[in-house]
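Asker: Below are the sequence and a predicted model; questions follow.
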Amino acid sequence: MTDDGSEFSVRVQAGDFVFREGDSGDAMFIVQEGEVEIFREVEGRQIRLALLEEGDFFGEMALLEKLPRTASARAATNCMLLRIDESTFDQMIHANPEIPVRMLRKLSRRLREQGSAHVDAPPGIEGGEPPTQPMGAVTMTAAKLIHPNGSEYVVPAEGEISVGRFDATTGFQPEVDLKPVDDRRSTSRRHARIACRDGRFFLREEMGTANGTFVAGQRLRPGVEVELRDGDEVRFGFVSMTFRVR
């Protein structure tokens with residue numbers, strides 16, 4: 001791991017370790033470029049826990065709780081990482097509010113799962129590859145989000161769904177995963193939610209969302225619902241969609 005000349009960024013060559021399980025540490029890292037794999041050694045085997053990409057973070061336990069590293073982090077490709085220690089943590093919160101919100105969600109999930117240990121997701125480490133089927137998937141379709149390339153995303157006739165991108169850091173899988181159509185990674189992991197009540201559809205932006213959510217060109221305020229109507233243009237970050245009621 002080498003300093004690139006800036007105050008907080010470090011370059012890591014593919015195959016090099018950022019840190020190893022059991023190491024002491026006083027900083028977390030955010031992936032700026034490339035991919036980082038998180039793994040543990042279990043009975044002589046390396047078990048991958050997560051493959052992290054641009055915008056993902058890791059190592060926060062050492063920063064927040066002063067605990068030894070619970071897993072190893074290794075560059076899967078050539079990487080540029082942002083190193084965050086106590087002195088720069090406050091700056092990060094102001095510059096990118098999505099990161100601390102995701103940290104809170106990750107810690108909340110860790111508390112809920114405390115006491116249950118699994119080889120694929122031991123306590124203190126979350127994430128992994130996306131599930132083959134979205135959790136909570138439903139088959140009854142009432143509406144769709146349609147991308148200009150023809151991709152369609154189901155909006156169910158009842159209940160509430162999340163719009164965003166798979167989050168390897170927390171293991172969260174949105175029902176509408178925009179990663180395949182978001183080349184610029186402009187949408188947040190938990191970007192927005194769509195609810196259907198009494199045959200009407202409502203959209204609200206999640207807390208800590210970056211790059212905004214727009215309906216018919218008007219930006220939503222976080223937490224404030226806006227009713228969706230057939231034909232509305234909806235934009236999540238830089239991803240434009242058309243909302244259609246069947």
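Answerer: Cool, got the structure. The structure displayed is predicted, hence computed values, not measured ones.
Asker: Setting the sequence-adjacent residues aside, check what's closest to the residue positioned nearest the centre of the chain.
Answerer: The C-alpha lying nearest the average C-alpha coordinate of the chain belongs to Asp167 (Cα atoms, centre = their mean; 3.1 Å). In space, not counting the residues next to it along the chain, Asp167 is nearest to Arg189; the distance is 3.8 Å by Cβ to Cβ, 6 or more residues apart in numbering. (Glycine included, C-beta is placed from N, CA and C.)
Asker: Surely the one you found and Gly164 touch.
Answerer: Yes - counting by Cβ atoms under 8 Å, Arg189 touches Gly164, with 4.9 Å between them.
Asker: Tell me the residues that contact both of those two, please.
Answerer: Counting by Cβ atoms under 8 Å, 6 or more residues apart in numbering, the contacts common to Arg189 and Gly164 are 172, 174.
Asker: In contact with the residue nearest to Asp167, which residues are there?
Answerer: Neighbouring residues of Arg189 by Cβ under 8 Å, 6+ apart: 98, 102, 164-167, 169-170, 172, 174.
Asker: ok, so of those, who is nearest Ala210?
Answerer: Nearest to Ala210 among those: Glu98, at 5.1 Å, using Cβ to Cβ.
Asker: Tell me which stretches of this structure form helices.
Answerer: Taking DSSP state H as the criterion, the chain carries its helices at 60-65, 86-95, 98-113.
Asker: mind giving me the domain ranges of this protein?
Answerer: For the chain, the structural domains run 2-113, 141-245, going by automatic domain parsing.
Asker: Could you list the low-pLDDT ranges of this protein?
Answerer: Counting by pLDDT under 70, the chain has low-confidence residues at 1-7, 93, 104, 107-141.
Asker: quick one: the residue located most distally from the centre of the chain from Leu64, how far?
Answerer: Farthest-out residue of the chain from its mean C-alpha position, per Cα atoms, centre = their mean: Asp198, at 30.7 Å. Between Asp198 and Leu64 the distance, using Cβ to Cβ, to the nearest Å, works out to 43 Å.
Asker: Same question for Thr77.
Answerer: When Cβ to Cβ is applied, the distance between Thr77 and Leu64 equals 27 Å.
Asker: what's the answer for Arg193, then?
Answerer: Distance of Arg193 to Leu64, given as Cβ to Cβ: 28 Å.
Asker: Pretty sure Val234 sits against Met241.
Answerer: Yes - under the criterion of Cβ under 8 Å, Val234 makes contact with Met241 at 4.9 Å.
Asker: quick one: contacts for Val35?
Answerer: You called it Val, but residue 35 is Glu. By Cβ under 8 Å, 6+ apart, the contact set of Glu35 is 51-53, 75-77, 79.
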